[in-house]
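Engineer: Prediction below, plus the sequence it came from.
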Amino acid sequence: MKLENQSDFYLLNKPRSWTSQDLCTFFKKKYKFKKVGHSGTLDPNAEGLMLIATNKYTKLFDYINNTHKTYEFEAIFGFESDSFDTDSELKEIESVNLESKLKELNNGILQLTGNIKQLPPIYSAVKVKGKRLYKYARQEKKVELPTRDVEVSSFKLVSYEGNKAKFIATVSKGTFIRSLIVDLAKFIDTKAVVSSIKRIEIGILNENNSKVIKNLDQLNRKDIPEPLDWRLLFETPIVSVEDGILKDIENGNFLDSSIFESDVPHIIENNNSIVAIYEPYNENMFKPQKVLI
């Protein structure tokens, strides 16, 4: 099978200033894939890991269980901006010395760890009434920001000096680091902006993974990228089938429950490729949930 027809997962390092879509477009054009998608948007001013899927595997992001992400990031206190980062005009509010605010800052970190409610930045891709928030912002239209339930499983202060600080946090899907910093600043009665963000982990994948694709500007068509082992990304049970059953799967037929290990959805693979996801229909049969052939 030609590379452009293969369905795989890849781990790429997104450069700062690139949008998430820029990364997908680059990878698609570089290797002539028919389709490329990503899991978890990274802000243009952020860098770091992005999980990319090609062709039919782009349909499987919702089945990847562990989507918590870890970020290293820096913030400047005493400043504010419309975008909550340094990508828009900075306004100095006051002079802040974090040394004198350390107790309140650590209390804020504690309060913002766990299950919390968060408002997304107005400059974000979150949709309200079918329209991206950043479009409302650019048109200077007021819109009610939707409250989101997110989980911050770990949030730590790494270092600080003057009004600047470095942090590391592990958060759930949909969490905005920019909003986290703005909320943290409230605990010391000031404002703050994010100056840099780097994603260093996606679930069990981290920046030290041997298959991270880096230095994108140095890649060429002859550099065949090495995909991830897709089995590491799913907690869903996997069942292997022989070629003889592929026609039934392709036609969307029900399958006998005896093929499956338990009464939960299963990934069906053939020759180390995902061909379908089936779920229980009744005691005797499983039905297709997603067919990839």
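Structural biologist: That came through fine.
Engineer: how much space between Thr170 and Tyr160?
Structural biologist: Distance of Thr170 to Tyr160, computed by C-beta to C-beta, to the nearest Å: 20 Å. (C-beta placed from N, C-alpha, C; glycine too.)
Engineer: most centrally placed residue in the protein?
Structural biologist: The residue lying closest to the centre of the chain (C-alpha atoms, centre = their mean) is Gly40, at 2.3 Å.
Engineer: pLDDT on stretch 265-278, on average?
Structural biologist: Mean per-residue pLDDT for stretch 265-278: 96.
Engineer: got the end-to-end distance for it?
Structural biologist: Start and end residues of stretch 265-278 are separated by 5 Å (C-alpha to C-alpha, to the nearest Å).
Engineer: what's the answer for stretch 102-121, then?
Structural biologist: 26 Å.
Engineer: Give me the contact list for it.
Structural biologist: Identification of contacts with stretch 102-121 by C-beta atoms under 8 Å, 6 or more residues apart in numbering yields 83-84, 98, 126, 133, 145-157, 160, 165, 175-176, 178-180, 182-184, 186-188.
Engineer: Quick check: ChimeraX command selecting the buried ones in those residues.
Structural biologist: A single ChimeraX command is used to select the members of these judged buried by 16 or more other C-beta atoms under 10 Å:
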select :83,84,98,126,133,145,148,150,152,155,157,160,165,175,176,178,179,180,182,183,184,187,188
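Engineer: And the helices in the protein?
Structural biologist: Using DSSP state H, the helices of the chain run over 20-31, 102-111, 133-138, 177-186, 246-250.
Engineer: Identify whichever of those lies nearest to Glu72.
Structural biologist: Distance to Glu72, taken as C-beta to C-beta, is lowest for helix 177-186 among the helices of the chain, at 9.8 Å.
Engineer: Give the other helices and strands that that closest one contacts.
Structural biologist: strand 69-77, helix 102-111, strand 114-118, strand 164-171, strand 192-202 (3 or more C-beta pairs under 8 Å, 6 or more residues apart in numbering; DSSP states H and E).
Engineer: can you list the ones you listed in JSON lines and add mean pLDDT and distance to Asn253?
Structural biologist: JSON lines is the format used below for those (pLDDT from 0 to 100; distance: least, C-beta to C-beta, whole Å):
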{"stretch": "strand 69-77", "mean pLDDT": "97", "distance to Asn253": "38"}
{"stretch": "helix 102-111", "mean pLDDT": "97", "distance to Asn253": "53"}
{"stretch": "strand 114-118", "mean pLDDT": "96", "distance to Asn253": "42"}
{"stretch": "strand 164-171", "mean pLDDT": "98", "distance to Asn253": "41"}
{"stretch": "strand 192-202", "mean pLDDT": "96", "distance to Asn253": "35"}
